[in-house]
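Peer 1: structure for this input, please:
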Amino acid sequence: MSDIDQKIKDIEDEIQKTQYNKATSHHIGKLKAKIARLKEEQIKRNSSGTKGQGFYVKKSGDATAVLVGFPSVGKSTLLNELTNAESKVGAYQFTTLDIIPGIMEYNNAQIQIFDVPGIITGASGGKGRGKEILAVARDADLIIIVLDVLNPQHINVILKEIHDIGVRPNQTKPDVRVKKTGRGGVKVSSTIPLSKLDEVTIRSVLNEYGIHNASVLFREDISIDQFIDVLDGNKSYVPMIILMNKTDLVDEAYLNQIRETIPDFIPISADKKHNMDYLRETIFNNLGLIRVYLKPQGKQADMEDPLIIKKGTTVIEACGKLHREFVKNFRHAKIWGTSVKFPGQKVGPDHVLEDEDVLRVILKK
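Peer 2: Prediction:
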């Protein structure tokens, strides 16, 4: 055990022994901040000592998803079923020794899906090239956890490894602003009541990060752990779905037992092609993609080949995907669809588009 591992273990033991209440919350917050700082130091040390080559992943398509799971859970079979890839399939561990990309076409979107080598316990610490594998998940638009129905308990290991690499699945970035100042101490304000943090705890955690003068604004009621994530500033917030593969081997009663601890999994059988259509739909929906149809001046809208963009995209951002001249010479746009009050409504560059809107861009002459 390294000196940092020992320090982390000692602090974790102290947290375990400390009863959590209002009087001890600031002390626990300080201890958790210390652990976060030590883990960051550990990652830096391990990275500087690693000379091996990482995985090179070239992204393409409208969005990316990555299949994460233990060896031999059926990720390669699933990738081959969902996409045009030809990932090697074998009934033994570590069949996939490199990252295999494939493209899934759905609702006119091209979604790139990566099959990565199976992770193992300790992956986030570098075991089995785990850190490089999980780095791919960190940069994806969607994490797809694939579990073997006979080993559902692996979910706990995978979630821990993903957490330790700095990914916060199915969470949004906390709405907290920390602005360092030259003097004046720490000023804390909030737009909502804080039920999980008090000012003493906030100051204690900031102090651990060497921040003694700052303006802190909370627009969300967050926990100590979320506040530490804000101060670390290097966390990745990625949507995630959980698949239970090989469900053709078990009955519904067995699946209901699993649902008691993992309620939101999607039952599939990649080998038997079970539930694949629903899975494709779920992947598309969780990526937050929408379709926008383009209408050139004096012509009908092209309803066959939509522009695929992320939910929340503005008109000017959509123009940027089309051509830089559209941004440079943008005058206004007209929209037909659910994002406007009436068909053909004139909108500006900051108008947010919705699924199946029809867009006509008017440029300066």
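Peer 1: and for Leu363, the neighbour number?
Peer 2: Residues near Leu363, counting by other C-beta atoms under 10 Å, number 14. C-beta coordinates here come from the backbone N, C-alpha and C atoms, glycine included.
Peer 1: so Pro162 touches Ala137, yeah?
Peer 2: Careful, residue 162 is Ile and not Pro. Yes - applying C-beta atoms under 8 Å as the test, Ile162 and Ala137 come out as touching, 6.6 Å apart.
Peer 1: shared neighbours, these two?
Peer 2: Shared contacts of Ile162 and Ala137, defined by C-beta atoms under 8 Å, 6 or more residues apart in numbering, are found at 68, 143.
Peer 1: looking at the two, which one has more neighbours?
Peer 2: More crowded of Ile162 and Ala137, by other C-beta under 10 Å: Ala137, with 27 against 24.
Peer 1: mind listing what that one touches?
Peer 2: Neighbouring residues of Ala137 by C-beta under 8 Å, 6+ apart: 66, 68, 116, 143, 162, 165, 167, 238.
Peer 1: closest one of the residues you listed to Val230?
Peer 2: Nearest to Val230 among those, counting by C-beta to C-beta, is Val167 at 15.4 Å.
Peer 1: what about the strands in the stretch 151-300 of the chain?
Peer 2: Applying DSSP state E, counting those that start in this stretch to the stretch 151-300 of the chain gives strands spanning 176-180, 186-190, 214-218, 240-245, 266-267, 289-294.
Peer 1: spatially nearest residue to Gly288 (excluding sequence neighbours)?
Peer 2: Lys311 (4.2 Å; C-beta to C-beta, 6 or more residues apart in numbering).
Peer 1: all the strands of the stretch 1-150 of the chain, in order from the start?
Peer 2: Using DSSP E, counting those that start in this stretch, strands in the stretch 1-150 of the chain cover 63-68, 100-106, 109-115, 142-148.
Peer 1: identify the residues contacting the residue nearest to the spatial centre of the chain.
Peer 2: Residue closest to the average C-alpha location in the chain (C-alpha atoms, centre = their mean): Val238, at 0.9 Å. Shown in contact with Val238 (C-beta under 8 Å, 6+ apart): 137-138, 140-143, 167-169.
Peer 1: measure it to Arg37 for me?
Peer 2: To Arg37, Val238 is 23 Å away according to C-beta to C-beta, to the nearest Å.
Peer 1: distance between the lengthiest helix in the chain and the chain's centre?
Peer 2: Looking across the chain with DSSP state H, the single longest helix is helix 25-48. Centroid displacement of helix 25-48 relative to its chain, using C-alpha atoms, centre = their mean, to the nearest Å, is 22 Å.
Peer 1: show me what counts as buried in it.
Peer 2: For helix 25-48, burial by neighbour count (16 or more other C-beta atoms under 10 Å) applies to 25-39, 42-43.
Peer 1: OK, contacts around the residue lying closest to Phe218 once chain neighbours are set aside?
Peer 2: Spatially, and ignoring its direct neighbours in sequence, Phe218 is nearest to Ser190 (3.8 Å; C-beta to C-beta, 6+ apart). Ser190 makes contact with 217-219, according to C-beta under 8 Å, 6+ apart.
Peer 1: rerun that using 10 Å as the cut-off
Peer 2: Residues near Ser190 by C-beta atoms under 10 Å, 6 or more residues apart in numbering: 176, 197, 199, 202, 216-221.
Peer 1: which one among these gets closest to Phe326?
Peer 2: Closest approach between these and Phe326, by C-beta to C-beta: Arg219, at 33.8 Å.
Peer 1: and the gap between that closest one and Val176?
Peer 2: 7 Å.
Peer 1: more crowded one of these two?
Peer 2: Each of Arg219 and Val176 has its neighbours counted (other C-beta under 10 Å); Val176 has more, 18 against 13.
Peer 1: right, and the more buried one touches Ser223 too?
Peer 2: No - using C-beta atoms under 10 Å, Val176 is not in contact with Ser223; the gap is 11.4 Å.
Peer 1: between the two, which contacts overlap?
Peer 2: By C-beta under 10 Å, 6+ apart, the residues touching both Val176 and Ser223 are 197, 229.
Peer 1: C-alpha coordinates for stretch 25-38, PDB please?
Peer 2: The C-alpha coordinates for stretch 25-38 follow below in PDB (Å, rounded to 0.1, in the frame of the first residue of the first chain):
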ATOM      1  CA  SER A  25     -20.500  18.000   9.700                       C
ATOM      2  CA  HIS A  26     -17.800  20.600   9.100                       C
ATOM      3  CA  HIS A  27     -15.100  18.200  10.400                       C
ATOM      4  CA  ILE A  28     -16.400  15.400   8.100                       C
ATOM      5  CA  GLY A  29     -16.500  17.900   5.200                       C
ATOM      6  CA  LYS A  30     -12.800  18.800   5.900                       C
ATOM      7  CA  LEU A  31     -11.900  15.100   5.900                       C
ATOM      8  CA  LYS A  32     -13.700  14.400   2.700                       C
ATOM      9  CA  ALA A  33     -12.000  17.300   1.000                       C
ATOM     10  CA  LYS A  34      -8.600  15.900   2.200                       C
ATOM     11  CA  ILE A  35      -9.500  12.600   0.600                       C
ATOM     12  CA  ALA A  36     -10.400  14.300  -2.700                       C
ATOM     13  CA  ARG A  37      -7.100  16.200  -2.700                       C
ATOM     14  CA  LEU A  38      -5.100  13.000  -2.000                       C
END
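Peer 1: alright, calling it a day.
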